[in-house]
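Q: missing the sequence, but the structure's below:
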């Protein structure tokens, strides 16, 4: 098992556009290091992250969540 946070997962925020290939590379690295990855992305980027997760067989270990988180979006 790789190095991991106490919760055994890593959280990443997607704030800039990246190609699907670039996201797949990022996910490969994170999945080699952590048990699970929580990837927060704006809605347009979420589809790219989901597709990239499928190409690296991370479907069950990558969790795509909205950015900003709903509670933060409500007050912004």
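A: That came through, no problem. Since this is a predicted model, take the numbers as computed values, not measurements.

Q: So for the residue nearest the centre of the chain, what's the pLDDT?
A: Centrality entry for the chain: nearest residue to the mean C-alpha point is residue 39, 2.2 Å, by CA atoms, centre = their mean. At residue 39, the model reports a pLDDT of 88.

Q: a helix runs through it, doesn't it?
A: No - per DSSP: H, G, I helix; E, B strand; the rest coil, residue 39 lies outside any helix segment and is strand.

Q: Now do the strands in this structure.
A: Residue ranges of the strands in the chain, as given by DSSP state E, are 9-14, 36-41, 62-66.

Q: Need the mean per-residue confidence for the shortest one.
A: With pLDDT averaged residue by residue, strand 62-66 scores 89.

Q: Relative to it, what are the paired strands and their orientations?
A: Using DSSP bridges, the neighbouring strands of strand 62-66 in the sheet come out as strand 36-41 (parallel).

Q: And the partner strand, what's buried?
A: 36, 37, 39, 40, 41 (16 or more other CB atoms under 10 Å). C-beta coordinates here come from the backbone N, C-alpha and C atoms, glycine included.

Q: Quick check, the second one in contact with residue 10.
A: Yes - at 5.3 Å, residue 37 counts as touching residue 10 under the criterion of CB atoms under 8 Å.

Q: where does this structure have low pLDDT?
A: 1-9, 13-15, 72-76 (pLDDT under 70).

Q: try 90
A: Judged by pLDDT under 90, the chain has its weakly predicted residues at 1-18, 39-47, 57-59, 65-76.

Q: Sketch out the helices for it, chain order is fine.
A: Listed in chain order, the helices found in the chain under DSSP state H are 20-33, 43-55, 70-75.

Q: how about the first one: buried residues?
A: By neighbour count with 16+ other CB under 10 Å, helix 20-33 contains the buried residues 23, 24, 26, 27, 30, 31.

Q: just those now: which is nearest residue 47?
A: Each of these was scored against residue 47 by CB to CB, and residue 23 proved nearest at 10.6 Å.

Q: That concludes my questions; thank you for your assistance.
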